[in-house]
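In: here is a sequence together with a model predicted from it:
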Amino acid sequence: MITVTRPWLPDRERLDSYIDQVYKSGHLTNNGPLVRLLEERLQTYLGVKHLILVSNGTLALQIAYRALDVTGEVITTPFSFIATSSSLAWQNCKPVFADIDPLTLNIDVDNVTSKITPKTSALVPVHVFGNPCNVERLNEIASKHNLKIVYDASHAFGVDYHGKSILSQGDISTISFHATKLFHTIEGGALVTNDSSLAKKIRLMIKCGIVDEENIALCGINAKMHELSAAMGLSVLDDIDTIKKNRAQIWQQYKIHLSDYLKFQKWNENATNNCAYVPVLFSNEQELLAVKNTLNNFDIFPRRYFYPSLDQINFLLNNNKCLVADDVSKRILCLPIYPNLKKQQQRQVIELIKTALKLV
Ligand code: T4K
C-alpha cells in the first residue's frame, strides 16, 4: 500500500539510546531534560528566538489565542485543516473567512481588509503546504488595524523566507509535529515567538499556570510534551538532512513528469520549499475523481487536502462563502511523498495518473 505519507521511523538503536536516558533520569514529563534539549536544538536548527514545545499543533493554536487575548472575530483562511478554524470556535471566537489566491493557495490579502470590523481582534493566516503567505502585507494590515497575528505554520518546518525561518513571523507562529509531518515527535507541536515576555507567559500557561510549589500565576492548561515524544523528536532531528534530501528528490520527479498535465502550487519566490506536500490541481473534480479512483484500485491513497473548504462546515456558522477556496478544494489532491517512497513506486503513481487522465 502507498499512502499520502508515512512517518519517518528513526534507527531503533539511536531512539533507544535517548530512551535509555529517560530510564536513567526517571524524568518522564514536566519539562524534562530531553524536552529542554529538543527545544534548544530546534531553536538552533531553525534559527528562532523562543520555541516552546507542546503536546500537539491544535493546542499550540489555542494557547496562542489565549496568550494574545484573541476574542470576537478572527480573519482566517477556509483552505486549511479543520484545526485552524475549530481551535478558534473552541475558544468562542468566530472564524471569518477571507477567500484564497488560486495560485499560491494562501489567504488573498486583498480580501482581508474588507472583512475587518470593530469586533476583529486577530488574523490567523496559514502557510499552506509550507508556502509562505504575503507576510509583509499581512503584518502591515495587522499593525494598521491593531490586530494580533498568529501564523499557523503547521506545514512550514524548515522553510526559510529571505534567508530566515518563516516561523519567526507574527506575534506567534505555531507548528505541528504530528507523526505525518516532515519533522515529528509522534504527537506534538510548538509555539514560536520573538517576544521574551510572551514566551515566559506561554511557558506558564502550558503547565497550568504553576510557577513553583506554592505559587500559581495565571489560568493555564496542561499542554506539556513528554520525554518519550522528545526522544522521538531528537532521533528524527538527527536524520533531518536525509529526510529533506529524499523528499526534495521525490518532489522534483513529480514536477518533471507531471507539470505538463497538472498545475502545481505557485511557490513564494523568496522562500525555500520544504517539500512537505505535493498538492496538484486538476481542471475539474471529475478528473480528480477519475485519477483518485484509479490510484485507489492499485492500493495507492493520495488525499484530498483540503476538502471540503471550511466555509462549508455547518458548525463554523459562516456567511462568507469563498468561491475560490470552494473551487480549489474540489480539484486538489496531495500525492504520496515520504522519504522511503521507492523510485519504482513513484514511477507507478506517475504512470497511473497519466493513464487515468487520458481516459477522462
Ligand atoms: N493546522 C494545520 C494547517 C494542520 O495541517 C494541522 C494538522 C493542525 C493545524 C493541527 O496539528 P495537530 O494537532 O494535528 O498536531 C493529518 C494529521 O493528523 C494532522 O496533524 C495534519 N494537520 C493533517 C493535514 O493530516 P489526517 O486525518 O489526514 O491523518 P491520517 O491519520 O488519515 O493520516 C494520513 C496518512 O498517513 C494515512 O493514510 C496513513 C499515514 N499514517 C498516518 C499515521 C497517523 C501512517 O502511516 N502512520 C501513522 O501513524 O490528518
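Out: Perfect, I can see it now. Here the structure is a predicted model, which is why all the values come from computation and not from measurement.
In: what about the one residue in the chain that gets nearest to the ligand, neighbour count?
Out: Closest to the ligand within the chain is Gly57: 2.6 Å, counting by C-beta to the nearest ligand atom. From N, CA and C alone the C-beta is placed, and that goes for glycine too. A total of 26 residues lie near Gly57 under the criterion other C-beta atoms under 10 Å.
In: right, and it touches Thr180 too?
Out: No - with contact defined as C-beta atoms under 8 Å, Gly57 does not count as touching Thr180 (10.7 Å).
In: hang on, the earlier thing: next up, the contacts around the residue of the chain closest to the ligand.
Out: Ala83, Ser154, Thr174, Ile175, Ser176, Phe177, His178, Gly188, Gly189 (C-beta atoms under 8 Å, 6 or more residues apart in numbering).
In: most neighbours of all those residues, which one?
Out: Taking other C-beta under 10 Å as the neighbour criterion, Thr174 ranks highest of these with 31 neighbours.
In: if we can go back for a sec, please narrow the contacts of Gly57 to those residing in strands.
Out: Thr174, Ile175, Ser176, Gly189 (DSSP state E).
In: wait, the last one sits on Leu51?
Out: Meaning Gly189. No - if you go by C-beta under 8 Å, Gly189 and Leu51 don't touch, sitting 10.5 Å apart.
In: how near is the residue of the chain closest to the ligand to Val236?
Out: 16 Å (C-beta to C-beta, to the nearest Å).
In: and Ile332, by the same measure?
Out: Going from Ile332 to Val236 by C-beta to C-beta gives 28 Å.
In: now do Gln253
Out: 23 Å.
In: what of Val280?
Out: For Val280, the distance to Val236 - C-beta to C-beta - is 27 Å.
In: near the ligand, which residues of the protein are found?
Out: The chain comes close to the ligand at residues 3-7, 56-58, 80-81, 83-84, 126, 152, 154-155, 176, 178-180, 189, 301, 303, 305, as judged by C-beta under 6 Å from any ligand atom.
In: what's next to the biggest helix by length in the chain, contact-wise?
Out: Across the chain, the longest stretch assigned as helix under DSSP state H is helix 240-258. Contacting residues not belonging to helix 240-258 are listed as 8, 45, 158, 182-183, 236, 264, 273-276, 278, 280, 335, 337-341, 343, 346, 350, 353-354 [C-beta under 8 Å, 6+ apart].
In: ramachandran angles for the residue nearest the centre of the chain?
Out: For the chain, the residue nearest the mean C-alpha position is Ser154 (1.7 Å; C-alpha atoms, centre = their mean). Main-chain torsions, Ser154, degrees, to the nearest 10: phi -50, psi -30.
In: quick check: chain neighbours aside, which residue is closest to it?
Out: In space, and not counting its chain neighbours, Ser154 is closest to Ser176: 3.9 Å by C-beta to C-beta, 6 or more residues apart in numbering.
In: same check on Met225?
Out: Closest to Met225 by C-beta to C-beta, 6+ apart is Leu53, at 4.3 Å.
In: tell me which stretches of the stretch 151-300 of the chain form strands.
Out: 160-161, 164-165, 172-176, 189-193, 210-212, 215-216, 263-264, 279-281, 300-301 (DSSP state E, counting those that start in this stretch).
In: actually the stretch 1-150 of the chain, sorry about that
Out: Under DSSP E, counting those that start in this stretch, the stretch 1-150 of the chain gives strands at 2-3, 50-54, 73-76, 94-97, 120-124, 148-152.
In: in TSV: the ones you listed, plus mean neighbour count.
Out: Compiled in TSV, the strands of the stretch 1-150 of the chain are given as follows (neighbours: other C-beta atoms under 10 Å):
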stretch	mean neighbour count
strand 2-3	16
strand 50-54	25
strand 73-76	25
strand 94-97	22
strand 120-124	24
strand 148-152	26
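In: quick revisit: distance of the residue nearest to Ser154 relative to Val192?
Out: From Ser176 to Val192 the distance is 12 Å (C-beta to C-beta).
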